[in-house]
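In: this one's structure only:
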């Protein structure tokens, strides 16, 4: 199911951007939504039998965007 994999990638990037925005603007509700999206994404990936390498890549992308937002917040 290659199309499901790309949808999963897109939602992982959306979760990362939401986390970055929530960190930078100090919006707790957006951070909570971003944090809730991560287990939902993991469950969806396991349900749709997406490979573990794709799952780890998506969570690395999400963590990168959130940490990028933290770095910008400190400056």
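Out: Sure, I can see it. Computed from a predicted model, the values in this text were never measured in an experiment.
In: What residues does residue 23 make contact with?
Out: Residue 23 sits next to 31, 66, 69-70, 73 when contact means Cβ atoms under 8 Å, 6 or more residues apart in numbering. The way it works is simple: take the backbone N, C-alpha and C, and place the C-beta from them, glycine included.
In: and the helix or strand of the chain with the lowest mean pLDDT, what other elements does it pack with?
Out: Counting by mean pLDDT, DSSP states H and E, the weakest-scoring helix or strand in the chain turns out to be helix 52-74, with a mean of 74. Using 3 or more Cβ pairs under 8 Å, 6 or more residues apart in numbering; DSSP states H and E as the contact test, the elements touching helix 52-74 are helix 2-25, helix 28-47.
In: Leaving aside the residues adjacent along the chain, what's closest to residue 38?
Out: In space, and not counting its chain neighbours, residue 38 is closest to residue 15: 6.2 Å by Cβ to Cβ, 6 or more residues apart in numbering.
In: hang on, the one you found packs against residue 36?
Out: No: here residue 15 lies out of contact with residue 36, judged by Cβ atoms under 8 Å, at a distance of 9.2 Å.
In: if you count what's nearby, which of these two comes out ahead?
Out: When neighbours are counted by other Cβ atoms under 10 Å, residue 15 and residue 36 differ, and residue 15 comes out ahead with 24 against 11.
In: per-residue pLDDT, the more buried one?
Out: Each residue has a pLDDT score; the one for residue 15 is 82.
In: quick thing: my sequence starts at 175, can you match it?
Out: All set: I'll call the first residue 175, so the last point we hit is now residue 189.
In: Report the separation between it and residue 197.
Out: Taking Cβ to Cβ, to the nearest Å as the measure, residue 189 falls 13 Å from residue 197.
In: Over to residue 203?
Out: Per Cβ to Cβ, residue 203 is found 13 Å from residue 197.
In: Please apply the same query to residue 237.
Out: Distance from residue 237 to residue 197, by Cβ to Cβ: 12 Å.
In: now swap in residue 232 and tell me
Out: Computed with Cβ to Cβ, the distance linking residue 232 and residue 197 is 19 Å.
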